[in-house]
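Trainee: Provide a 3D model corresponding to the input given below.
(one chain, ligands or ions: 1)
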Amino acid sequence: MDLKSNHAAPILTDPAPMSKSRLGLYSGLFPYSPPGAVFSSGMYLAVPRKKPIPGKLEDVRSSGWLDAMKSSSPPRKKMTKDFIVEVPSDDNGDLLYRPGCVHFLTEPVFCSFLFENVYRIVFPTVNFTVVVQLKYPSALSSFEQITNQAKGKKIALFLDYDGTLSPIVDDPERALMSKTMRYAVRNVAKYFPTAIISGRSRDKVYEFVGLTELHYAGSHGMDIMGPVRNSEFIDDLQNCIRSTDKQGKEVNLFQPASEYLPMIDEVFKSLIEITKDIKGSKVENNKFCVSVHYRNVDEKHWSTIGQCVQDLLKDYPRLRVTHGRKVLEVRPDIKWDKGKAVEFLLDSLGLSERDDVLPIYVGDDRTDEDALKSCVRGIKVSES
Ligand SMILES: O=P(O)(O)OC[C@H]1O[C@H](O[C@H]2O[C@H](CO)[C@@H](O)[C@H](O)[C@H]2O)[C@H](O)[C@@H](O)[C@@H]1O
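Mentor: Numbering: from 1, shown residues only. Sure thing, here's the model as predicted:
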């Protein structure tokens, strides 16, 4: 099995007669329907859930945590107008099926580009063809559209860190940005106001990036250092104080979850203790959030790690968990996220509610979707 095959493009012939199914797909047959799968009369493929069996480990499974833990790294579901299809992707979220390439997974698969964001994937051995329309167009093939929309506008750029500026690696301490990427970000920041919004602690992401010309928000936007500006929006916010950055420049420091700091420290220590016997697990303190990593944990122990977190949180009703790439993120249950951080920074920069401003957010993770919702334009790295 060769996941990274990138041979010369094969000559593609259309598989013999394709009929259009009632789902709007051109298919010979559906080879990978999971047992029990049914085609609902609606839009999606529905898979009946097993009834949960009561018991300790079943808590995590029955609440959908384990499913979420498994799906928090690719393969991801690409949703078309009338069908959901699993499209394999590698650990960085890139599609494994590349147009013009033949790929050997469990069988050869051919992928060809049809138009815009529509691809045809052929499984020749089972005479199955699927036409996939990615929900969002590829940013790379829509580059001209993006530049057209940007004409005459002031761009404000918001960047996620892990998986966007740095590659996903096994050890979170080694997720370093390449020199080329740092150079590119520094250059971009010369032209557009640029900010990094990360799930990491703000200090950590600054340590990794090291560019003084950017603005930084850590802990999924719950720790923002932005330029000083008085505005109604900012004046109305509690926990926004004047401070100075590492260069001694006056800044606005906004930490909406500051009262949670002792609680997060306590939870961090408890999580270290209760996961210490789970080989490969790692707990990271991100100041206002705690990350529990299971990337290096054997999959058969994922439910144990999920259960440890779930059990602990029963004592902390003011905290909640979100799912990232092979990581559980424990965070304050407040109405603040990366999307709100984008709004805060736009306001701090004097760029909010202006028709001549085009905010662009680039991210790869589920938590980035909060920012993608609030932004006029978003680019999700993994949806290539
Ligand atoms: O918002 P981000 O900047 O994307 O941060 C989200 C989390 O990223 C880091 O974890 C992820 O990257 C690690 C290094 O590549 C990888 O080992 C891990 O499996 C990924 O989940 C970071 O360590 C977390 O604290 C961040 O919350």
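
Trainee: does the longest helix seen in the chain reach the ligand?
Mentor: Of all the segments assigned as helix in the chain under DSSP state H, the longest by residue count is helix 261-275. No. Judged by C-beta under 6 Å from any ligand atom, helix 261-275 and the ligand are separated, with a smallest distance of 11.8 Å. (Each C-beta comes from the backbone N, C-alpha and C, glycine too.)

Trainee: likewise for stretch 335-348?
Mentor: No. Stretch 335-348 lies out of reach of the ligand by C-beta under 6 Å from any ligand atom, never closer than 7.4 Å.

Trainee: other residues contacting that stretch?
Mentor: Contacting residues not belonging to stretch 335-348 are listed as 156, 158, 160, 195, 197, 215, 217, 220-222, 224, 226-229, 231, 233-234, 237, 252, 254, 256-257, 352, 357, 359, 361, 363, 367-368, 370-375 [C-beta atoms under 8 Å, 6 or more residues apart in numbering].

Trainee: what residues does the stretch 251-384 of the chain have near the ligand?
Mentor: Listed as neighbours of the ligand in the stretch 251-384 of the chain under the rule C-beta under 6 Å from any ligand atom: 284, 286, 291, 293, 295, 324-327, 329, 365, 367.

Trainee: which other helices and strands does the next helix or strand after the longest helix of the chain contact?
Mentor: Next helix or strand after helix 261-275 toward the C-terminus (DSSP states H and E): strand 282-285. If you count contacts as 3 or more C-beta pairs under 8 Å, 6 or more residues apart in numbering; DSSP states H and E, strand 282-285 packs onto helix 261-275, strand 290-293.

Trainee: now with 10 Å?
Mentor: Strand 282-285 sits against helix 261-275, strand 290-293, strand 327-332, with contacts defined as 3 or more C-beta pairs under 10 Å, 6 or more residues apart in numbering; DSSP states H and E.

Trainee: adding mean pLDDT and distance to Trp65, write those out as TSV.
Mentor: Output for the helices and strands packed on strand 282-285, formatted as TSV (pLDDT from 0 to 100; distance: least, C-beta to C-beta, whole Å):
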stretch	mean pLDDT	distance to Trp65
helix 261-275	98	15
strand 290-293	98	12
strand 327-332	96	8
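
Trainee: in JSON lines: these, plus mean neighbour count.
Mentor: Compiled in JSON lines, the helices and strands packed on strand 282-285 are given as follows (neighbours: other C-beta atoms under 10 Å):
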{"stretch": "helix 261-275", "mean neighbour count": "17"}
{"stretch": "strand 290-293", "mean neighbour count": "24"}
{"stretch": "strand 327-332", "mean neighbour count": "23"}
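
Trainee: in this protein, what residue is nearest the ligand?
Mentor: Closest to the ligand within the chain is Gly199: 2.7 Å, counting by C-beta to the nearest ligand atom.

Trainee: find the nearest non-adjacent residue to that residue, please.
Mentor: His220 (5.0 Å; C-beta to C-beta, 6 or more residues apart in numbering).

Trainee: measure that neighbour to Glu369 for me?
Mentor: Separation of His220 from Glu369 (C-beta to C-beta, to the nearest Å): 12 Å.

Trainee: now swap in Val309 and tell me
Mentor: In terms of C-beta to C-beta, Val309 sits 21 Å off from Glu369.

Trainee: over to Arg229?
Mentor: Distance of Arg229 to Glu369, given as C-beta to C-beta: 27 Å.

Trainee: neighbour count winner among the two?
Mentor: Taking other C-beta atoms under 10 Å, Arg229 and Glu369 do not tie; Glu369 has more neighbours (16 against 13).

Trainee: let me know the helix or strand that the more buried one is in.
Mentor: Judged by DSSP H and E, Glu369 forms part of helix 368-374.
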